[in-house]
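In: coords please:
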Amino acid sequence: MEYTHGGDIYTYDGMLDFSANINPFGASDEVMQAAMRGVRRSEAYPDPWCRKLRRALAEQQQIPDETLIFGNGAADLIFSLVFALRPQKALLTAPSFSEYAQALRAGGCEPSYHYLREEEDFRLTERILPLLDESVDVFFLCSPDNPTGQVIDGALLERIVRRCGECRIRLVLDECFYEFMERPACAMSGGDVQGTPWVFLLRAFTKMHGMPGLRLGYGICADSELLERLQAVRQPWSVSAPAQEAGLAALSGQERIRETRAYVCRERKWMEGRLTEIGVKHYPSSANYLLLHSEHDLFTRLLERKILIRDCGDYEGLKRGYYRTAIRRHEENVRLLTALEDIYKER
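Out: Residues are numbered from 1 along each chain as shown. Below is the predicted model of the structure:
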């Protein structure tokens, strides 16, 4: 099987990994200690309802706890949604996260695509609105988008949400990177979802809390019938005890989130300036990664320097020559940019 995501450090051993978009500081000590407590409790089955985590997250988000559902990462919930909804027609933007299409095809649905334009920096525009009609069953949308880092304009998102409600379209809004946004309050909130039961808000602990190996995602939805259908198509113990404990600990790390967000924003702006100086084409981003375009085979050339980036040539809507790089710690970013500068000087 071909691996189509970043973070493949098992194939590319010994690399400095810029291909996975994770908190540059990794998981906190509190999260790791909590995960170890969960390991010590692994002689018992984990709570299938994630009750402690559910209550704590509901209180933090100020939403009813029955509107939450947890999964083995956001990808688990994406597949579960497809199997619960069994859509006949699904709409995706391109480029965007490949897992949506993979899940849809596994569920017997071939997706339709709305292609974003490179000359508009791959921003979503009002051209999407006429495509949202009664023939569409589900619309997957990502903000900030992956791999572009683009955030959907708030006024346009409001129109999309309203349009989906009018046409009875299930809107799955993936906000797994929202915590890295300079103004995360611009994202749709758990409270917003309470009045729009056709919206399923998808989030994860993976990115900001640096725990992709533990697998913990969650959804917020006010449609109780859909949540029941989701439970019916899923395995009963999808979230491990270590993941539940780590999630609980992560909720107390709000100051760390603010510090990481500020660091990533500063570092991203610095990297954008250096990329411009070097001559590497890049696109505006509101997340902890940047989309690049180059005539050089950057993936291969950087591998020679023990640096791994994400080759985006397999993304629908992109072609050979597009790459995504994470934002890591400053000294690591310096190493990446120095390597890029050397490659461009060779030309």
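
In: The nearest residue to residue 222 once chain neighbours are set aside and residue 221: what is the separation?
Out: Nearest residue to residue 222, sequence neighbours excluded (Cβ to Cβ, 6 or more residues apart in numbering): residue 197, at 4.3 Å. C-beta: built from backbone N, CA, C; applies to glycine. Distance, residue 197 to residue 221, using Cβ to Cβ, to the nearest Å: 7 Å.

In: Just want to know which of the two has more residues nearby.
Out: residue 221 (25 against 16; other Cβ atoms under 10 Å).

In: quick one, what contacts the residue nearest to the spatial centre of the chain?
Out: The centroid of the chain falls nearest to residue 176 when counting by Cα atoms, centre = their mean (3.9 Å). By Cβ atoms under 8 Å, 6 or more residues apart in numbering, residue 176 lies in contact with 74, 142, 146, 202-204, 206-207, 217.

In: Who does the residue lying closest to it once chain neighbours are set aside form a beta bridge with?
Out: Distances taken as Cβ to Cβ, 6+ apart place residue 204 nearest to residue 176, at 4.5 Å, with adjacent residues excluded. Beta bridges link residue 204 to residue 217, judged by DSSP bridges.

In: give me the number of residues near residue 204?
Out: 25.

In: I'd like the distance between it and residue 211.
Out: Plainly put, residue 204 is 9 Å away from residue 211 if you go by Cβ to Cβ.

In: got the contact list for the residue nearest to residue 176?
Out: Residue 204 sits next to 73-74, 176, 216-218 when contact means Cβ under 8 Å, 6+ apart.

In: Using a markdown table, lay out these together with pLDDT and distance to residue 112.
Out: Shown next, in a markdown table, are those (pLDDT from 0 to 100; distance: Cβ to Cβ, whole Å):
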| residue | pLDDT | distance to residue 112 |
| --- | --- | --- |
| 73 | 96 | 26 |
| 74 | 96 | 22 |
| 176 | 97 | 23 |
| 216 | 98 | 31 |
| 217 | 98 | 25 |
| 218 | 98 | 28 |
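
In: Turn the contacts of residue 176 into JSON lines, columns for distance to residue 12.
Out: Below are the contacts of residue 176 laid out as JSON lines (distance: Cβ to Cβ, whole Å):
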{"residue": "74", "distance to residue 12": "24"}
{"residue": "142", "distance to residue 12": "26"}
{"residue": "146", "distance to residue 12": "20"}
{"residue": "202", "distance to residue 12": "28"}
{"residue": "203", "distance to residue 12": "29"}
{"residue": "204", "distance to residue 12": "24"}
{"residue": "206", "distance to residue 12": "20"}
{"residue": "207", "distance to residue 12": "21"}
{"residue": "217", "distance to residue 12": "25"}
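
In: Which of those residues sits closest to residue 246?
Out: Nearest to residue 246 out of the contacts of residue 176 is residue 206 (Cβ to Cβ; 10.7 Å).

In: Where does the prediction get shaky in the stretch 201-347 of the chain?
Out: Within the stretch 201-347 of the chain, the segments meeting pLDDT under 70 span 347.

In: What ranges does it have for its helices?
Out: Ranges of helices within the stretch 201-347 of the chain are 224-232, 241-251, 254-278, 298-303, 330-346, based on DSSP state H, counting those that start in this stretch.

In: Could you identify which of these is most buried?
Out: helix 241-251 (a mean of 23; mean count of other Cβ atoms under 10 Å).

In: tell me what that one is packed against?
Out: helix 29-40, helix 51-61 (3 or more Cβ pairs under 8 Å, 6 or more residues apart in numbering; DSSP states H and E).

In: Which one, of those helices, ends up nearest to residue 94?
Out: Nearest of these (Cβ to Cβ): helix 51-61, 30.8 Å.
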